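Trainee: Dropping the sequence and predicted coords here.
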Amino acid sequence: MRRLPALVAALLLPAAQPLLLGAMVSTASLLVSEAPTYAQSEEAIGKVAQAITVRIEGATQGSGVLVKRDGNRYTVLTAWHVVSGQRPGEELDIYTFDGLRYPLEQGSTKRLGQVDMAVLTFSSSASYEVARVGDVKSVSSGSSIAVSGFPLPTSAVPTRIFRLIKGDVIANATVAIPDGYQLLYDNQTLPGVSGGAVLNAKGELVGIHGKAEKADQISMQSGKAIATGTNQGVPISYYSKFALGENILASALQPMSVDDRLAQARNLLRKKGREQEAIELSNQALKIQKSSEAYFYRAYAKSNLGDNKGAIEDFYQAVALNPKFYKAYLNLGYIKYKLGDKQGALAEFNQAISINPESADAYMGRSYIRSESDDKYGALDDIDKVISIDPTYDDAYQLRGGYKTSLGDIKGAIADLDKAITVDPKDPISYYNRGLARSVAGERYEAIDDYTQAIALSSLATKDKQLQVRVTSFYNRGDVKLKLGDRQGAIADFTNAIEGNQQLAIAWGARGLAKVQLGDRLGGCQDLRKSASLGSTLAQNLLPRICQ
């Protein structure tokens, strides 16, 4: 679920109208630069990769690699997180390159130490090629590598088909990194490839693909970097130790090389309070060797510390060394948006798209700019592109639902929000926006149910999102109740909205009107005067007619 919903700003409408929340979100799969020519032919490596790579289908979906044959028993090496959700007795199937399906041998799944690597077995009388295990030391920064696997279906490619994805090594660290992610690379991997093979230029297995980093769910307005552009793998050396019966222990060495420092800096970037350490490690790496990744990681940490100027300077240093580093342009777009430079942000998103037309995050960012420029149809086109690239991007369904509501396609909006809720049933914004669509459609009791669910789930959200979801859900629920004649219930909800935001003029005005309708003219006029003082033109117009 590469995912980042956050609330933008409430659009204050006249009384008896719902508040519309925009969902500014972005998630990222990490893709960075173009790959150079392989030392060995792509066709040769592709044939090897296709023969040894398997597709895994079960509670979760992923890929794996044939690494051993013992009679009719084959051992598959994959990422632990691909199979860790599998419960005893649940079916899990392995599909080989010829399309044949084999069931997992129950009880055969084993994790290798504490790294993101696991083995499992199946039986077959067929003869399948197994991987040639190489030396992970054969690759270093700049080396060509390939990742093989079976991406999840998309609207463009509706079935899981084999993919060989080229790229370059960013770092090959020897120090301990959580989950064993010591191998960093820029291959443009996709969901479903986790557990696939990482192959060197000779077609030898040097690692298992762990995951493509997904951006945290960050507001466009936060200005925080959204993704590092780094995919992560576990070196094959851990499996080699396992095959020899040795203990799976991570290195405890201090970082010495550029690769060590880059890997440790990247690992610290998402850890709050560790930004200065990441900056220092990046500085140390830059003293040894200038690299786009070191500048990028330093910029990322600076952005998360609020040093936007320093972050922008470092992101530009990164693209000066690597003009194809589209993630740097993407992050520049988000920072410029936060600083109010929407045209500058749009230029950065366009540049990211020109380098990587398959960047879901770049289209997402551009959709925000287009939406705020009243180009709703252009924004909708961009969100359609996001979903065609990554159907698991739940925030895109949420945002598209909001766009469709504003364009009057209520049926389409509800369908998208149903999808968003299916993917993430604990996100209060999706329930809120579906409540809004249902309210517009006249499905008032269903809308109340959705607003109630949004209020209940908001306690699980981040602090900023929690406050805005609760305030606007209370207001909108009160608005629906008022239309249903439940004035007392409406007043209670408007009161809760006001308690969450004392400056919400529309809630003061709506409560004032409800009080007047119940015969509390004094209390109602006090609320209307408060609404007028906060800038409500509706309240200002009503005061002479109601409260004189």
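Mentor: On my side now, so go ahead.

Trainee: Which strands or helices does the biggest helix by length in the chain pack on?
Mentor: As assigned by DSSP state H, the longest helix anywhere in the chain is helix 463-483. Helices and strands touching helix 463-483, by 3 or more Cβ pairs under 8 Å, 6 or more residues apart in numbering; DSSP states H and E, are strand 6-7, helix 428-440, helix 444-457, helix 487-500, helix 505-517. C-beta: built from backbone N, CA, C; applies to glycine.

Trainee: Mean neighbour count, those: which tops it?
Mentor: The highest mean neighbour count among the helices and strands packed on helix 463-483, using mean count of other Cβ atoms under 10 Å, belongs to helix 428-440: a mean of 27.

Trainee: quick one: it to helix 463-483, angle?
Mentor: 20 degrees (axes from the mean of the first three to the mean of the last three Cα atoms, to 10 degrees).

Trainee: looking only at pLDDT, what's the mean for helix 428-440?
Mentor: Helix 428-440 carries an average pLDDT of 92.

Trainee: Count residues in the vicinity of the residue lying closest to Phe242 once chain neighbours are set aside, would you?
Mentor: Using Cβ to Cβ, 6 or more residues apart in numbering and skipping residues adjacent in sequence, the residue nearest Phe242 is Leu112, 5.0 Å away. By other Cβ atoms under 10 Å, 20 other residues sit near Leu112.

Trainee: hang on, Leu112 packs against Ser237?
Mentor: No - contact criterion Cβ atoms under 8 Å: Leu112 and Ser237 do not qualify, at 10.8 Å.

Trainee: Between these two, which contacts overlap?
Mentor: Applying Cβ atoms under 8 Å, 6 or more residues apart in numbering, one finds that no residue jointly contacts Leu112 and Ser237.

Trainee: low-scoring pLDDT stretches of this structure, where are they?
Mentor: 1-40, 154-158, 212-229, 246-255, 394, 460-467 (pLDDT under 70).

Trainee: Specify the local secondary structure of Glu313.
Mentor: Following DSSP: H, G, I helix; E, B strand; the rest coil, the label given to Glu313 is helix.

Trainee: and it, what does it touch?
Mentor: Applying Cβ under 8 Å, 6+ apart to Glu313 gives the contacts Ala299.

Trainee: Name the nearest residue to Val133, sequence neighbours excluded.
Mentor: Nearest to Val133 is Leu205, by Cβ to Cβ, 6+ apart, at 5.3 Å.

Trainee: What of Ser458?
Mentor: Nearest residue to Ser458, sequence neighbours excluded (Cβ to Cβ, 6+ apart): Val469, at 4.2 Å.

Trainee: isn't that neighbour right up against Tyr432?
Mentor: Yes - using Cβ under 8 Å, Val469 is in contact with Tyr432, at 5.8 Å.

Trainee: hmm, back to that, need the helices and strands packed on helix 463-483 in JSON lines (columns: distance to Arg163).
Mentor: Putting the helices and strands packed on helix 463-483 into JSON lines (distance: least, Cβ to Cβ, whole Å) gives the following:
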{"stretch": "strand 6-7", "distance to Arg163": "32"}
{"stretch": "helix 428-440", "distance to Arg163": "31"}
{"stretch": "helix 444-457", "distance to Arg163": "36"}
{"stretch": "helix 487-500", "distance to Arg163": "48"}
{"stretch": "helix 505-517", "distance to Arg163": "51"}
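
Trainee: Thanks a lot, catch you later.
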